[in-house]
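A.B. asks: Sequence and predicted structure below; questions after.
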Amino acid sequence: MTGTRKPSRERRLALLAAGTLVVGALGAGSMLHGTAVAAPVCTVDYKVANDWGNGFTASVTVTNNDSSALSNWKVEWDYAGNQKAGSGWNATVSQSGAHVTATAPSWNSTLASGGSAEFGFNGTYSGSNPAPTTFKLNGTTCNVDGGTGGTTTGGTTDGGTSNGGATNGGTTDGGTTGGSGEPGDRVDNPYAGAKLYVNPDWSEQAARSGGQAIANQPTAVWLDRIAAITSGSAGENTMGLRDHLDEALAQGADALQMVTYNLPGRDCAALASQGELGPTEIDKYKREFIDPIAAILSDPKYADLRIINIVEIDSLPNLITNVGSRPTATANCDTMLANGNYVKGVGYALAKLGAIPNVYNYIDIGHHGWLGWDDNFTPTAKLLHQAATSEGSTVDHVAGFAANVANYGALKEPHFTINDSVNGTSVRQSKWVDWNRYVDEQTYAQAFREEAVKAGFRSDVGVIIDTSRNGWGGPNRPSAPAAKTSLDAFVDGSRIDRRIHTGNWCNQAGAGLGERPKAAPAPGIDAYAWIKPPGESDGASEDIPNDEGKKADQMCDPDYGGNARNGNSKSGALPGAPVSGHWFQAQFEELLRNAYPPVD
Ligand code: BGC
């Protein structure tokens, strides 16, 4: 009943005023309900919708039978077993000891006389899972005739501290195969020993486009709009989330990779992947995007599948690098910083999806050519921590980070390191490196991991590096370090990343497929993975009508001279690309040709 529509501002103000009046005039607790009546003044119906032995989904309906409306409703109970409630939907659920408190969401904070609200959550337990027997609504005991008007319980915890059912136990994975343990068993690295899901939408497209040799590689499923949940992501894709999960079971896969990518005001520093939700549509994001995804992922039939969720690329780092007085600032990023909706959206996604025992959240950390400078690096780690501890999330909801998603940064620069110098001058002073602290994704990812732990993330976090398009093979790949005739000649002649500038990101000419997906390839790295499906465009340079919110982006135009975010360089893009997410045959063929390691 809670409805997904946000009440108008006027209505919310009216409700707020009415609520204040009730509390102001009558006070809290028993007084609210006055003389005893025959029917219970409130009823709470607690149902375990699913139970899989050590975890469960509960659904709770609370009804206000009193003659007055109740503002800021709050339901409380105590567990008799060792149940731990994770974060909820349609209420903020928190637990302290055995005591659980569910507080109203801001958008549905009033219970009218005779009105009900429904909320739910996932929990964990061992032993038995008995339903609680006594419930209180704002201090009044429910389900008892006449309303005994219980006193307000003390020691309630503030909302937003739920611990996700302590599902991130951090047991180490000795390379066991998924599916062999109990449902919901957490592992440190969900890739280790796991057979990964191959997305048929991409695989079949790749195979009919000349990519038979790589068509059996696992790639991520992108949930890039609300419609993707039921009918497939942008472009030629047709499978909804349930189709993918069912197909993953049919393949006998242990793990599936997906990307949640639909924040309000998405992609604030570019136009190519702007999305369907406007900057203020955070409630729609929560109710119509994250909540339905959570409902599907919580289905117990998928409990054995490790679900690797890459959370919202193109978002949080923009709030550090592309705002305020920086020359790289954009009006859209300033808006998203001011309204807080990136932080809230990411926090909510982490809380909601991370509460599901078999979901592993990885937060996007851009790439070295974006965040590798001192001014960006530490502030980003801190901002990510802030997001990961907002909206009911905790660091226990974060398995790690994802680097280089949909980007082209070289995994490793084989012919030079950040510590090299030419005639006593550090490569950091070269035009290409430009004072960055990193020259490749692997050194960046490992260092960011350490920084994130310092910022408060768990010490067992790992990083996924997207290697789908950072191979840089083909005829232009240097095979040895260049002569040290000058600093720039050495760096430019040695680097395998052949881009014009590390800030270039759209359909890069000369790129090739990178390392094939691989689990635990290096310390701190959970996987090399193909998150961006090779062959799907990064964006178009001309306006192409679409219903996804995507716009023409000059960064996809080879003739564009650039802006502050790419050092005012040429874009390096291939010409004639379709809208982002749609199939770009010419790019796919080049990626195959320039693959490194080569495709045989
Ligand atoms: C697009 C998405 C697409 C993803 C993967 C992004 O740039 O905006 O629609 O699903 O790339 O190709």
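C.D. replies: Thanks, I have it.

A.B. asks: any idea which helix or strand comes after whatever helix or strand residue 309 lives in?
C.D. replies: Using DSSP states H and E, residue 309 falls within strand 306-311. The helix or strand immediately downstream of strand 306-311 is helix 318-321, counting by DSSP H and E.

A.B. asks: what about that following helix, distance to the chain center?
C.D. replies: Helix 318-321 sits 17 Å away from the centroid of its parent chain (CA atoms, centre = their mean, to the nearest Å).

A.B. asks: Counting by contacts, list what it packs against.
C.D. replies: The contact analysis (3 or more CB pairs under 8 Å, 6 or more residues apart in numbering; DSSP states H and E) places helix 318-321 against helix 331-339, helix 341-354, helix 368-371, helix 374-388. In this view, the C-beta of every residue, glycine as well, is placed from N, C-alpha and C.

A.B. asks: which stretch among those comes nearest residue 469?
C.D. replies: helix 368-371 (13.9 Å; CB to CB).

A.B. asks: Now do the closest one: everything it contacts.
C.D. replies: Helix 368-371 has contacts (CB atoms under 8 Å, 6 or more residues apart in numbering) with 317, 320-321, 365, 376-377, 380, 403, 407, 409, 436, 438-441, 443-444, 448, 502-503.

A.B. asks: Out of those, which sit inside strands?
C.D. replies: Under the assignment DSSP state E, the contacts of helix 368-371 contribute residue 403 to strands.

A.B. asks: and residue 294, what is it in contact with?
C.D. replies: Going by CB under 8 Å, 6+ apart, residue 294 touches 89, 352, 353, 355, 356.

A.B. asks: how far away is residue 323 from the ligand?
C.D. replies: 22 Å (CB to the nearest ligand atom, to the nearest Å).

A.B. asks: Mind checking if stretch 216-229 is in reach of the ligand?
C.D. replies: Yes. Using CB under 6 Å from any ligand atom, we find that stretch 216-229 touches the ligand at 222, 224.

A.B. asks: Kindly report the same for stretch 271-279.
C.D. replies: Yes. Contact of stretch 271-279 with the ligand (CB under 6 Å from any ligand atom) involves residue 273.

A.B. asks: what sits against the closest residue to the ligand within the stretch 351-500 of the chain?
C.D. replies: Going by CB to the nearest ligand atom, the ligand is nearest to residue 406 of the stretch 351-500 of the chain, at 5.7 Å. Applying CB under 8 Å, 6+ apart, one finds that residue 406 lies in contact with 313, 466, 469, 505, 531, 532, 538.

A.B. asks: mind running it again at 10 Å?
C.D. replies: Residues near residue 406 by CB atoms under 10 Å, 6 or more residues apart in numbering: 222, 259, 261, 273, 313-314, 364, 367, 466, 468-469, 505-506, 531-533, 536, 538, 580.

A.B. asks: Mind checking which of the residues you listed are in helices?
C.D. replies: Secondary structure assignment by DSSP state H places none of the contacts of residue 406 in helices.

A.B. asks: circling back: just send the helices and strands packed on helix 318-321 back as a markdown table, with mean pLDDT too.
C.D. replies: Below are these laid out as a markdown table (pLDDT from 0 to 100):
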| stretch | mean pLDDT |
| --- | --- |
| helix 331-339 | 98 |
| helix 341-354 | 98 |
| helix 368-371 | 98 |
| helix 374-388 | 98 |
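
A.B. asks: can you list those helices in CSV and add distance to residue 214?
C.D. replies: As requested, the helices and strands packed on helix 318-321 are exported to CSV (distance: least, CB to CB, whole Å):
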stretch, distance to residue 214
helix 331-339, 36
helix 341-354, 29
helix 368-371, 25
helix 374-388, 32
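
A.B. asks: Next, format these as JSON lines and append distance to the ligand and mean neighbour count.
C.D. replies: JSON lines is the format used below for the helices and strands packed on helix 318-321 (distance: least, CB to the nearest ligand atom, whole Å; neighbours: other CB atoms under 10 Å):
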{"stretch": "helix 331-339", "distance to the ligand": "15", "mean neighbour count": "18"}
{"stretch": "helix 341-354", "distance to the ligand": "16", "mean neighbour count": "26"}
{"stretch": "helix 368-371", "distance to the ligand": "15", "mean neighbour count": "27"}
{"stretch": "helix 374-388", "distance to the ligand": "21", "mean neighbour count": "19"}
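
A.B. asks: These: which one's closest to residue 79?
C.D. replies: Of all those, helix 341-354 comes closest under CB to CB, at 20.3 Å.

A.B. asks: quick one, that closest one and helix 331-339 angle?
C.D. replies: Helix 341-354 and helix 331-339 meet at an angle of 70 degrees, taking axes from the mean of the first three to the mean of the last three CA atoms, to 10 degrees as the criterion.

A.B. asks: Helix 341-354 vs strand 306-311, what angle?
C.D. replies: Orientation of helix 341-354 against strand 306-311 (the same axes, to 10 degrees) gives an angle of 170 degrees.

A.B. asks: now helix 341-354 and helix 374-388, what's the angle there?
C.D. replies: Helix 341-354 and helix 374-388 are oriented at 50 degrees to each other (the same axes, to 10 degrees).

A.B. asks: same for the strand holding residue 309, what does it pack against?
C.D. replies: Packing partners of strand 306-311 (3 or more CB pairs under 10 Å, 6 or more residues apart in numbering; DSSP states H and E): strand 255-260, helix 291-297, helix 341-354, strand 359-364, helix 374-388, strand 400-403, strand 462-466, strand 525-529.

A.B. asks: Could you rerun that using 8 Å?
C.D. replies: With 3+ CB pairs under 8 Å, 6+ apart as the test, strand 306-311 has strand 255-260, helix 341-354, strand 359-364 packed against it.

A.B. asks: so can I have TSV of the ones you listed showing distance to residue 573?
C.D. replies: Below are the helices and strands packed on strand 306-311 laid out as TSV (distance: least, CB to CB, whole Å):
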stretch	distance to residue 573
strand 255-260	22
helix 341-354	26
strand 359-364	22
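
A.B. asks: To residue 596, which of those lies closest?
C.D. replies: In terms of CB to CB, the element of these nearest to residue 596 is strand 255-260, at 22.1 Å.

A.B. asks: Point out the other helices and strands that that closest one packs with.
C.D. replies: strand 221-223, helix 241-251, strand 306-311.

A.B. asks: Alright, that wraps it up for me.
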